[in-house]
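Asks: let's see this in three dimensions:
(one chain, ligands or ions: 2)
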Amino acid sequence: MAGPSEIFRPDLLAGRVAIVTGGGTNLGRQATAELLACGAQVVIAGRREEVLAATADELGEGCSYVSGDVRERADADRIVGGALDRHGRLDVLVNNAGGQYFVPAEAIAAKGWRAVMRLNVEGTMTMTHAVAEAAWLGRPGAGGTVINVTVSPHHGMPAMAHTGAARAAVEALTAELAERWREDGVALVAAAIGRFDTESLRKYPEIVVRQAARSVPLQRLGRMQEFAWLVAFLASPVGHGLSGTTVTLDGAADNWWGAWPPELIADDEGTVPTEARRAEPPA
Ligand SMILES: CCCCCCCCCCC/C=C/C(=O)SCCNC(=O)CCNC(=O)[C@H](O)C(C)(C)COP(=O)(O)OP(=O)(O)OC[C@H]1O[C@@H](n2cnc3c(N)ncnc32)[C@H](O)[C@@H]1OP(=O)(O)O
Ligand SMILES: NC(=O)C1=CN([C@@H]2O[C@H](COP(=O)(O)OP(=O)(O)OC[C@H]3O[C@@H](n4cnc5c(N)ncnc54)[C@H](OP(=O)(O)O)[C@@H]3O)[C@@H](O)[C@H]2O)C=CC1
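Replies: Ligands and ions are numbered 1, 2, ... in the order given. Coordinates of the predicted model:
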């Protein structure tokens, strides 16, 4: 059962209906719990029915699921149709399903490049079009918010060139569609997220996982709850004010280009030296 929100009013999203792709696991699951805690009805989607069923069962009232592959338009239409049949409206789409594998850029096979593009760019576009066409575009008084989950930092990550390119494409689409669909009442926001304490992160090489927190100024991994709060916040009316924007939640990794603390000036304990105070001016 999703408990009450620690920071939002229980009726913040009352009467709203959301689809969360990848809602059966990790970040998507936590975001779903927070949307439920804020009063929304949530339909979670993913390919594995048993995973979705277990999550919907655990999160309880207000949460249901439709299984499907976000890369396939027929599946996307079925997910959206299922949500509309159940609830009669759609207000929020969280394009959270996504991912990649850890590989140096020159070793990315063409097939792997396409797989990452197809999941992250096409999957996001396919779901976005399916929802917008079925529920929002050309319907006065309708409209809603799309939250696209992308990846920060934006200035390059080791072994993540394919996803960097894919997520940049999603952010570009977010900005353009926000302008094109504005008069239909549709807002799109990207949430560029850093390194989170999830089971999914642990599939990466051990040293990457170990250093992931140390390499950002915040000096810790993001917490799933923090991601969930951001999603609920963007799903609230403020999302319309942020339409076209990419919001980062990354421990300040986007503001820094190297390891943290800066290796060249930190001592062996990782302490950055401070400037000596100047002598007191003569009285
Ligand atoms: C100093 C410290 C620096 C710290 C830096 C920290 C950096 C960490 C930042 C982390 C940011 C992001 C984190 C996350 O996103 S966690 C969530 C992770 N979850 C997922 O990734 C789930 C979804 N992902 C996938 O399902 C797959 O990765 C994929 C997108 C590839 C799925 O596509 P599909 O199912 O269509 O693909 P296939 O499995 O059939 O593979 C197709 C081809 O892709 C190539 N491939 C796939 N996996 C690998 C691999 N592990 N290694 C090499 N190549 C791979 C390959 O060509 C596949 O074809 P073949 O199978 O025929 O070879
Ligand atoms: N964890 C982290 O530190 C970070 C995560 N992110 C991003 O956040 C999002 C969520 O990640 P996280 O929860 O950690 O990882 P998960 O691997 O748990 O989430 C991926 C989810 O997407 C679903 N999914 C994957 N492919 C498809 C598909 N073709 N159709 C439908 N659903 C699909 C999966 O379910 P199923 O396999 O059943 O289809 C799964 O529920 C991803 O976009 C990820 O890249 C970004 C930065 C950091």
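Asks: CA atoms for contacts and neighbours, from now on please.
Replies: OK.
Asks: just the helices in the stretch 1-150 of the chain please.
Replies: 26-37, 49-59, 73-87, 110-117, 123-131 (DSSP state H, counting those that start in this stretch).
Asks: out of those, which one sits most buried?
Replies: Of all the helices of the stretch 1-150 of the chain, helix 26-37 has the most neighbours on average by mean count of other Cα atoms under 10 Å, namely a mean of 26.
Asks: what sits up against that helix?
Replies: Residues outside helix 26-37 that contact it (Cα atoms under 8 Å, 6 or more residues apart in numbering): 2-5, 10, 13, 20-23, 41-42, 44, 55, 59, 62-63, 96-97, 198-200, 224-225, 227-229, 231-232.
Asks: equivalent analysis for stretch 55-75, please.
Replies: Here stretch 55-75 makes contact (Cα under 8 Å, 6+ apart) with 1-2, 21, 24-25, 29, 33, 36, 40-49, 52-53, 76, 78-79, 82, 97, 118-119, 122-124, 126-127, 130.
Asks: same for ligand 1: which of those are within range?
Replies: Contacts with ligand 1 are made by none of those, judged by Cα under 6 Å from any ligand atom.
Asks: ok, back up a step: tabulate the helices of the stretch 1-150 of the chain (a markdown table), appending distance to residue 220.
Replies: Formatted as a markdown table, the helices of the stretch 1-150 of the chain follow (distance: least, Cα to Cα, whole Å):
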| stretch | distance to residue 220 |
| --- | --- |
| helix 26-37 | 17 |
| helix 49-59 | 27 |
| helix 73-87 | 36 |
| helix 110-117 | 27 |
| helix 123-131 | 29 |
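Asks: can I get these in CSV including distance to ligand 2 and mean pLDDT?
Replies: Converted to CSV, the helices of the stretch 1-150 of the chain look like this (distance: least, Cα to the nearest ligand atom, whole Å; pLDDT from 0 to 100):
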stretch, distance to ligand 2, mean pLDDT
helix 26-37, 4, 98
helix 49-59, 6, 98
helix 73-87, 9, 98
helix 110-117, 10, 98
helix 123-131, 7, 99
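Asks: which bits of the stretch 101-250 of the chain sit near ligand 1?
Replies: 101, 109, 111-112, 115-116, 195, 200-201, 208, 211-212, 215.
Asks: still on that earlier bit, mind giving me the PyMOL select for the contacts of helix 26-37, buried ones only?
Replies: To isolate the buried ones among the contacts of helix 26-37 in PyMOL, judged by 16 or more other Cα atoms under 10 Å, type:
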select buried, resi 2+5+10+13+20+21+22+23+41+42+44+55+59+62+63+96+97+224+225+227+228+229+231+232
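Asks: filter the contacts of helix 26-37 down to the ones in strands?
Replies: 20, 21, 41, 42, 44, 63 (DSSP state E).
Asks: can you redo the residues you listed as TSV with pLDDT and distance to residue 142?
Replies: Listed next are the ones in strands among the contacts of helix 26-37 as TSV, based on pLDDT from 0 to 100; distance: Cα to Cα, whole Å:
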residue	pLDDT	distance to residue 142
20	99	19
21	99	21
41	98	17
42	98	18
44	99	21
63	98	22
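Asks: of these, closest to ligand 1?
Replies: Nearest to ligand 1 among the ones in strands among the contacts of helix 26-37 is residue 21, at 11.8 Å by Cα to the nearest ligand atom.
Asks: tell me the bridge partners for the closest one.
Replies: residue 45 (DSSP bridges).
Asks: would you check that it makes contact with residue 80?
Replies: No - at 10.9 Å, residue 21 does not count as touching residue 80 under the criterion of Cα atoms under 8 Å.
Asks: any idea which residue sits dead centre in this structure?
Replies: residue 149 (2.7 Å; Cα atoms, centre = their mean).
Asks: who's that residue bridged to?
Replies: Bridge pairing for residue 149 - DSSP bridges - gives residue 191.
Asks: dump the residue contacts of it.
Replies: 94, 95, 96, 190, 191, 192, 193.
Asks: out of those residues, which are buried?
Replies: Buried, going by 16+ other Cα under 10 Å: 94, 95, 96, 190, 191, 192, 193, out of those.
Asks: TSV for the residues you listed, including pLDDT?
Replies: Rendered in TSV, the data for the buried ones among the contacts of residue 149 read as follows (pLDDT from 0 to 100):
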residue	pLDDT
94	99
95	99
96	99
190	99
191	99
192	98
193	98
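Asks: closest to residue 177 among the residues you listed?
Replies: Checking the buried ones among the contacts of residue 149 against residue 177 with Cα to Cα, the nearest one is residue 190 at 11.6 Å.
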